[in-house]
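>>> Dropping the sequence and predicted coords here.
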Amino acid sequence: MELRQLRYFVAVAEARHFTRAARDVGIAQPSISKQVRLLEEELGAPLFHRVRGNLTLTPSGDAFLPWARQILSDVGSAVDEAREVGELRRGSIRVGATPSIGTAILPEALSRFHGAYPGIELRLQEAGSRDLVRQLDEGDLDLALVILPVRHRSLETVPLLREDLVLAVGPGHALADRKRIALADLRETPLVMFRDGYDLRATTLAACAAAGFQPRYAIEGGEMDAVLRLTESGIGVSIVPSMVAVRAGTLRVVRLSPPTLTRTIAFAHRRDRRLSRATRELIGTVVGLIRSPAWLAGMPPGLEVVAPASA
């Protein structure tokens, strides 16, 4: 059964005449008659009574007509939907990001994207990198901004930015006036520590172990906002991304002496799923933002854009 046969059948049913129906759909009368006949043969029942030029629907034709109309309507709607999505008039993107990236990069990038493509629905999920990688692997996200390395065969990553991690301290803390400090000098300084699952927690613990000590905690288990506010209160210090520290109110930034700590931010997505046009446009929007002189001018020293221009 072909769609054109359904169209021809509906046209004949509405015109009650083969010649008029052929003229309406723009084909020759013998062609429309042949296709209707083939449709009847496939259905195993006549669709029209053909008596002395008087054309009427048979009971089978009368029963089949609303279904044929519905099928043609559904196909038309599907074509319109595909065209709208292809032209970025409709659709959705499920994007994930770590809280620090959500604070420093995504607000302006998502605002730009929404302004350009208001019909695309954006669904944002904030979580630690490990949680985001799991959600990508399970198909719950289309795209995520994560921290490298990502050791997962099903995922492809595209590096975007490399930035320093710095020590954040409250304005009244004893270290507030320091410009630099060695990580080993924090041996006796209580830390405000992120919850398990944050890449920043794992990076901090590994760096402290490499410096020969186990850190003391003022408090642990916080999310990004809580860690920043607790640090600002003076209860302890925290190691945070430089992009976050420079935007965090009255916090003072103390740079770490070499060897410095860095992290690389990357896009990640499933290898076996083709990115939609909308998702590719979102990636381009983010890359365009972080490459813009205005955005870079507000960023701290030590930040390096590593994204290819065509990412």
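Received the coordinates, thanks. In this text, all values refer to a predicted model and were calculated from it rather than measured experimentally.

>>> The helix or strand where Leu230 lies - contacts with which helices or strands?
Leu230 belongs to helix 224-233 when elements are defined using DSSP states H and E. Applying 3 or more C-beta pairs under 8 Å, 6 or more residues apart in numbering; DSSP states H and E, we find helix 224-233 packed against helix 99-104, strand 155-169, strand 191-194, strand 217-222, strand 238-241. For glycine as for every other residue, the C-beta is placed from the backbone atoms N, C-alpha and C.

>>> I'd like to check the angle between it and strand 217-222, please.
Angle, helix 224-233 to strand 217-222, by axes from the mean of the first three to the mean of the last three C-alpha atoms, to 10 degrees: 160 degrees.

>>> Name the residues of helix 224-233 that are buried.
224, 227-232 (16 or more other C-beta atoms under 10 Å).

>>> how about TSV for the helices and strands packed on helix 224-233, with mean pLDDT added?
Output for the helices and strands packed on helix 224-233, formatted as TSV (pLDDT from 0 to 100):
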stretch	mean pLDDT
helix 99-104	83
strand 155-169	95
strand 191-194	96
strand 217-222	92
strand 238-241	95
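
>>> Compute the number of surrounding residues for Asp185.
15 (other C-beta atoms under 10 Å).

>>> Ramachandran coordinates for the residue of the chain most remote from its centre?
Distance from the C-alpha centroid of the chain peaks at Arg52, with 63.2 Å (C-alpha atoms, centre = their mean). Dihedral pair for Arg52: phi 50, psi 50, per degrees, to the nearest 10.

>>> For it, give its distance to Thr58.
Look at Arg52 and Thr58: by C-beta to C-beta, to the nearest Å, they are 16 Å apart.

>>> same deal with Arg187?
92 Å.

>>> can you pull out the strands in the protein?
In the chain, the strands defined using DSSP state E lie at 48-51, 54-57, 91-97, 120-126, 143-147, 155-169, 180-181, 191-194, 217-222, 238-241, 252-256, 261-270, 304-305.

>>> Pick out the residue nearest the middle of this protein.
Centre-nearest of the chain using C-alpha atoms, centre = their mean is Val95, 2.9 Å out.

>>> ok, longest helix in the chain?
helix 59-86 (DSSP state H).

>>> Would you mark the buried spots in that one?
In helix 59-86, counting by 16+ other C-beta under 10 Å, buried: 61, 64-65, 68, 85.

>>> got it, and stretch 92-100?
For stretch 92-100, the neighbour count (16+ other C-beta under 10 Å) marks 93-100 as buried.

>>> can you check stretch 2-13 too?
Result for stretch 2-13 [16+ other C-beta under 10 Å]: buried residues 5-13.

>>> Just the residues contacting that stretch, thanks.
18, 21, 24-25, 27, 32, 35-36, 38-39, 47-48, 55, 57, 61, 64-65, 68-69, 71-72, 75 (C-beta atoms under 8 Å, 6 or more residues apart in numbering).

>>> Please repeat the previous calculation with a cut-off of 7 Å.
18, 21, 24-25, 32, 35-36, 38-39, 47, 57, 61, 65, 68-69, 71-72, 75 (C-beta atoms under 7 Å, 6 or more residues apart in numbering).

>>> any idea of the mean pLDDT in it?
The average of the pLDDT scores along stretch 2-13 is 91.

>>> rewinding a little: how far off strand 155-169 does the helix holding Leu230 point, in degrees?
Going by the same axes, to 10 degrees, helix 224-233 is angled at 20 degrees with respect to strand 155-169.

>>> most packed of the helices and strands packed on helix 224-233?
strand 238-241 (a mean of 27; mean count of other C-beta atoms under 10 Å).

>>> What pairs with that strand, parallel or antiparallel?
strand 155-169 (antiparallel) (DSSP bridges).

>>> Check the offset of the strand it pairs with from the chain's centre.
Computed by C-alpha atoms, centre = their mean, to the nearest Å, the separation of strand 155-169 from the middle of its chain amounts to 19 Å.

>>> orientation of that strand relative to strand 143-147 in degrees?
50 degrees.

>>> distance of the closest residue to Thr231 other than its chain neighbours from Leu145?
Of all residues not flanking Thr231 in the chain, Ser238 sits nearest, at 4.6 Å (C-beta to C-beta, 6 or more residues apart in numbering). Separation of Ser238 from Leu145 (C-beta to C-beta): 21 Å.

>>> Identify the residue nearest Leu47 in space, chain neighbours excluded?
Nearest non-adjacent residue to Leu47 (C-beta to C-beta, 6+ apart): Gly61, at 3.6 Å.
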